[in-house]
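next come a sequence and a model predicted from it.
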Amino acid sequence: MDRKYKLSVAVAVLSCAMSGCSFLNKSKVEEVKPNPLPRLTQSTDLALVGAYKVSATDAADPLRLRIKTDQGNLFILDPKGTVSAYQGKQRLWEKQVSKTGLSSGVEAAEGVVIVGNKKGQLFALDGATGAEKWTAQLSGALISSALIHAGRVIVVANDGTVFGYELETGQQVWTYKLPNEQLSLRGQASPVPVDSRTVVIASSNAYIYAIDAVTGTLRMQRPVAVSDGRSDIQRLIDIDGDPVAAGQFLVTTSYQGQVTVTDMASQRVVWSHDSSSLTRAEVAGRQVFVAQADGKIVSYDLINGTTLWENDQLLNRNLSNPVVLGDYLVVGDLDGVLHLIDPTSGSLVGRSKSTGEVRWLRVLDNQLYAVTRTGALSIWQNR
């Protein structure tokens with residue numbers, strides 16, 4: 001059975017406001033306006049090197065435009081049901097996969113491309129030709145990318161069931177059932193590899209589960225966030241951003257919870273700070289960068305958790321996940337602006353403009369891929 005309630009952030013915030021959790025003595029919910037773009041004392045920008053366009057997405061499905069590269073090719077999912085492969089600007093193939101649309105991001109590795117839809121159908125395509133290799137029916141909708149690891153395709157259905165399939169044949173090898181939360185956000189973190197055969201699944205109950213990718217055996221489980229709210233909405237705590245593996249450490253962010261670093265070797269939490277975030281953190285060297293739900297950006301020391309700097313100039317601008325591109329930290333916002341930040345000081349040093357609200361950023365081969373809600377995929381690099 002699917003989770004009973006899946007809330008968008010807007011619904012959760014509105015419900016919280018109307019119940020009085022942050023707007024006591026107010027009879028009317030006040031509109032929260034985004035900070036205006038700050039004036040820059042110095043300015044640099046990025047060079048646009050490529051652009052693609054697919055169908056737009058709505059606010060309820062922010063994850064499904066994720067892209068992937070494999071063997072020098074770029075694979076792009078269109079929410080209306082097609083998958084395309086590109087080498088540079090040349091389209092190699094386009095495949096109509098699902099007439100009911102596609103709702104997960106693209107996973108591609110070892111010559112295989114994996115996508116899924118809201119009906120719980122999982123599709124494996126040949127990366128060279130787009131030909132269908134196999135399909136599988138899962139127990140719930142797919143709203144996050146699968147993972148190809150250790151000869152398995154690992155995917156999480158919306159009802160909290162984790163599936164492991166044999167990569168070449170599509171045979172189901174194992175399942176693992178996560179706790180079924182009755183109230184959670186509309187999102188699901190993707191599986192993340194932490195060693196040659198272990199993957200971590202982050203759940204809506206703010207636990208992480210380390211699972212053997214080959215056998216499905218549980219190796220570890222532990223909470224990485226807590227909430228002390230009074231109402232159901234205030235107690236809602238969810239991990240929607242993918243965990244980040246950094247050596248022996250695992251970095252997790254959570255909504256209305258904490259940013260937490262766990263030592264996977266000792267299975268102990270190294271440090272944790274209160275921080276509400278819906279996006280994946282970024283780790284570069286000893287720095288952890290978090291874009292909070294309120295628009296504040298914070299840098300922490302990976303080892304000891306010391307707060308290195310905070311930037312609150314982009315409050316309420318619906319920030320994307322942060323990424324490091326060369327000498328800059330980059331984050332996108334609701335107006336399609338890509339903000340360039342000095343990672344050592346937190347100062348804004350430049351900006352570039354995309355089209356539509358930036359929902360997801362990824363750096364591949366020293367290039368920045370920016371995906372927006374309007375279906376625009378732009379590729380950038382440092383000048």
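The structure has been received and is ready for your questions.

element containing the residue lying closest to Gly305 once chain neighbours are set aside?
For Gly305, ignoring the flanking residues on the chain, the nearest one in space by C-beta to C-beta, 6 or more residues apart in numbering is Trp271 at 3.1 Å. Quick note: C-beta positions are derived from backbone N, CA and C, even for glycine. Using DSSP states H and E, Trp271 maps to strand 268-275.

other residues contacting whatever helix or strand comes next after that strand?
Sequence-wise, the next helix or strand downstream of strand 268-275 (DSSP H and E) is strand 282-284. Outside strand 282-284, the residues within contact range by C-beta atoms under 8 Å, 6 or more residues apart in numbering are 244, 246, 251, 288-289, 302, 321-324, 329, 343.

between whatever helix or strand comes next after strand 282-284 and strand 268-275, how big is the angle?
Downstream of strand 282-284, the next assigned helix or strand under DSSP H and E is strand 287-291. Counting by axes from the mean of the first three to the mean of the last three C-alpha atoms, to 10 degrees, strand 287-291 lies at 40 degrees to strand 268-275.

give me the contacts around strand 287-291.
Strand 287-291 is contacted from outside by 251, 253, 259, 261, 275, 277, 279, 281-283, 297-302, 308, 319-322, 324, 329, 331, 343, using C-beta under 8 Å, 6+ apart.

one more time with 6 Å
Applying C-beta atoms under 6 Å, 6 or more residues apart in numbering, the external contacts of strand 287-291 come out as 251, 253, 259, 275, 277, 279, 281-282, 297-300, 302, 319, 322, 329, 331.

on the three-state scheme, Leu340 is what?
State at Leu340, reduced to three classes by DSSP: H, G, I helix; E, B strand; the rest coil: strand.

circling back: show me which residues of the strand holding Trp271 are buried.
269-272, 275 (16 or more other C-beta atoms under 10 Å).

for stretch 90-102, same thing?
Those would be 92-93, 95, 97-98, 101-102, for stretch 90-102 by 16+ other C-beta under 10 Å.

let's have those residues in JSON lines, adding pLDDT, distance to Leu147 and secondary structure.
Output for those, formatted as JSON lines (pLDDT from 0 to 100; distance: C-beta to C-beta, whole Å; DSSP: H, G, I helix; E, B strand; the rest coil):
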{"residue": "Leu92", "pLDDT": "97", "distance to Leu147": "23", "secondary structure": "strand"}
{"residue": "Trp93", "pLDDT": "98", "distance to Leu147": "23", "secondary structure": "strand"}
{"residue": "Lys95", "pLDDT": "97", "distance to Leu147": "21", "secondary structure": "strand"}
{"residue": "Val97", "pLDDT": "97", "distance to Leu147": "19", "secondary structure": "coil"}
{"residue": "Ser98", "pLDDT": "96", "distance to Leu147": "20", "secondary structure": "coil"}
{"residue": "Gly101", "pLDDT": "93", "distance to Leu147": "22", "secondary structure": "coil"}
{"residue": "Leu102", "pLDDT": "93", "distance to Leu147": "17", "secondary structure": "coil"}
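
quickly check these for the two that are furthest apart.
Leu92 and Gly101 (22.4 Å; C-beta to C-beta).

just to revisit the earlier point, now the contacts of strand 282-284 in a markdown table, with pLDDT?
Below are these laid out as a markdown table (pLDDT from 0 to 100):
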| residue | pLDDT |
| --- | --- |
| Val244 | 98 |
| Ala246 | 97 |
| Val251 | 98 |
| Val288 | 98 |
| Phe289 | 98 |
| Leu302 | 98 |
| Asn321 | 97 |
| Pro322 | 98 |
| Val323 | 98 |
| Val324 | 98 |
| Leu329 | 98 |
| Pro343 | 98 |
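
now do the buried residues in stretch 294-301.
295-300.

which of those sits closest to Glu357?
Gly295 (13.3 Å).

next one: the closest one from Arg197, what distance?
According to C-beta to C-beta, to the nearest Å, Gly295 and Arg197 sit 39 Å apart.

list the pairing partners of whichever strand or helix holds Gln381 within its sheet, with orientation.
Per DSSP H and E, Gln381 falls inside strand 376-382. Strand pairing for strand 376-382, using DSSP bridges, gives strand 46-53 (antiparallel), strand 367-372 (antiparallel).

go ahead and name everything in contact with the shortest one.
For strand 367-372, the external contacting residues (C-beta under 6 Å, 6+ apart) are 65, 325, 332, 354, 356-362, 377-381.

same thing with the first one?
Contacts made with strand 46-53 from outside it, assessed by C-beta under 6 Å, 6+ apart, are listed as 76, 352, 375-381, 383.

of all these, which two lie farthest apart?
Spatial extent of the contacts of strand 46-53 (C-beta to C-beta) is set by the pair Gly375 and Arg383 at 26.2 Å.

between these two, which one's more packed in?
More neighbours surround Gly375 than the other of Gly375 and Arg383, with 18 against 10 (other C-beta atoms under 10 Å).

before we move on, the earlier item: kindly reformat the contacts of strand 282-284 as JSON lines containing distance to Lys133.
JSON lines is the format used below for those (distance: C-beta to C-beta, whole Å):
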{"residue": "Val244", "distance to Lys133": "30"}
{"residue": "Ala246", "distance to Lys133": "33"}
{"residue": "Val251", "distance to Lys133": "34"}
{"residue": "Val288", "distance to Lys133": "38"}
{"residue": "Phe289", "distance to Lys133": "38"}
{"residue": "Leu302", "distance to Lys133": "39"}
{"residue": "Asn321", "distance to Lys133": "31"}
{"residue": "Pro322", "distance to Lys133": "35"}
{"residue": "Val323", "distance to Lys133": "31"}
{"residue": "Val324", "distance to Lys133": "35"}
{"residue": "Leu329", "distance to Lys133": "39"}
{"residue": "Pro343", "distance to Lys133": "41"}
